[in-house]
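Student: need a structure here:
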Amino acid sequence: MSVRMLAGVSLLLLLPLVGCTGDAPSPSESAAEHDSTEHASAADNETSSSDSTGVQEAPPAPPDSATQDRFADVMSNARTENLHTESLGRIMQALGQQFMGAPYLEHTLDTTPTERLVTRLDGFDCVTFVEAMLAMGRGVSERDYSFDGYAERLQAQRYRGDAETSYCARLHYFSEWIADNQRRGVVRDVTADLGGERIDRTLTFMSEHRDAYDRFATNDSLYACIQDMEANLQAQDHAWHVIPEDEIGTVANQIETGDIIGLATDIAGLDIAHTGLAFRDDDGQLGLLHASLSGEVVVSPDIQQYVQQIDHQIGIVVARPVAP
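Tutor: Numbering: from 1, shown residues only. Modelled structure (predicted):
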């Protein structure tokens, strides 16, 4: 779904794209570092002529038994702990902690030649981790512990305006993911309320690094729809706000457990390079619970320090999950 992040070799916790020197990524590097655009980077060429424009809806990829068993275990724990009595953010943190150590996986949304809803829980990239915890958390808050309900919420979050499941309808840029889910009452962007500064940037990373995306590298129809998507964002005055990295600590007490955190980047044409959940430890310290390029789901104990140590990151955006 989104234009996944760009992080360098020395940036173990970010994407496989940009180098640690702070230089802009080359086209050959770009897809790899797009952690937040895992939804945008594809592993297979689009081979079905009926899906060549990216608009054909395909049935969800059936969950394997391991996914179903893992989901059942997590929901059983949620019922036992009466998690539905907690705030949605606390529910999401508690669910996320159950996946600590789950492996970081790339290209999980692009393993089939046509777009299908992927629901796997055996590993995540940074965005699919956030999506899964939000979709499961919203279900727990309503006491809907069904896998079908989880899949329906996941699809609604991942694709633009409840559109069909297609590559072009997938929310590749995470700033648009936030905006689209805010329009439907799933999250609320509170970055400006926390003093975030407005950022005006044209999002063109995907189209400018076409060769890095196997799905549309040689598919002109899909490439055209990506160009149209980017043009539509520009026409909509798709501006967003960022809390500068040096000011994160000053607003930390206003960030709530389970808030969705996006790490904004200064890489040309890109918006957000990594995502995770605001994590509060027993002492109240604000950390980041995320699927890290270090290899697994972890908690980085200090968000400001984490952002400051990574090249190209300029601050954070904060989206608050809204209970159904």
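
Student: name the helices or strands packed onto the helix or strand hosting I261?
Tutor: When elements are assigned from DSSP states H and E, I261 belongs to strand 260-265. With contacts taken as 3 or more CB pairs under 8 Å, 6 or more residues apart in numbering; DSSP states H and E, strand 260-265 sits against helix 174-183, strand 272-280, strand 313-321. Where C-beta positions appear, they are placed from N, C-alpha and C, glycine not excepted.

Student: rerun that using 6 Å as the cut-off
Tutor: Judged by 3 or more CB pairs under 6 Å, 6 or more residues apart in numbering; DSSP states H and E, strand 260-265 is in contact with strand 272-280, strand 313-321.

Student: so can I have a markdown table of those strands showing mean neighbour count and distance to H107?
Tutor: Written out in a markdown table, the entries for the helices and strands packed on strand 260-265 read as follows (neighbours: other CB atoms under 10 Å; distance: least, CB to CB, whole Å):
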| stretch | mean neighbour count | distance to H107 |
| --- | --- | --- |
| strand 272-280 | 28 | 16 |
| strand 313-321 | 24 | 23 |
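
Student: will you turn those strands into CSV that also has distance to H241 and mean pLDDT?
Tutor: Written out in CSV, the entries for the helices and strands packed on strand 260-265 read as follows (distance: least, CB to CB, whole Å; pLDDT from 0 to 100):
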stretch, distance to H241, mean pLDDT
strand 272-280, 12, 97
strand 313-321, 7, 97
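
Student: just send the ones you listed back as TSV, with distance to I303 too.
Tutor: As requested, the helices and strands packed on strand 260-265 are arranged in TSV below (distance: least, CB to CB, whole Å):
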stretch	distance to I303
strand 272-280	7
strand 313-321	7
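
Student: any idea which of these gets closest to N232?
Tutor: Taking CB to CB as the measure, the helices and strands packed on strand 260-265 were each checked against N232, and strand 272-280 came out nearest at 18.1 Å.

Student: can you list the strands that that closest one pairs with?
Tutor: strand 260-265 (antiparallel), strand 286-291 (antiparallel) (DSSP bridges).

Student: pick the most buried one from these.
Tutor: Greatest average neighbour count among these goes to strand 260-265 (a mean of 29), per mean count of other CB atoms under 10 Å.

Student: in the stretch 101-250 of the chain, where is pLDDT below threshold?
Tutor: For the stretch 101-250 of the chain, the stretches with pLDDT under 70 are 162-163.

Student: try it again with 90
Tutor: Flagging of the stretch 101-250 of the chain using pLDDT under 90 yields the residue ranges 107-108, 110-114, 161-165, 200-201, 214, 236-239.
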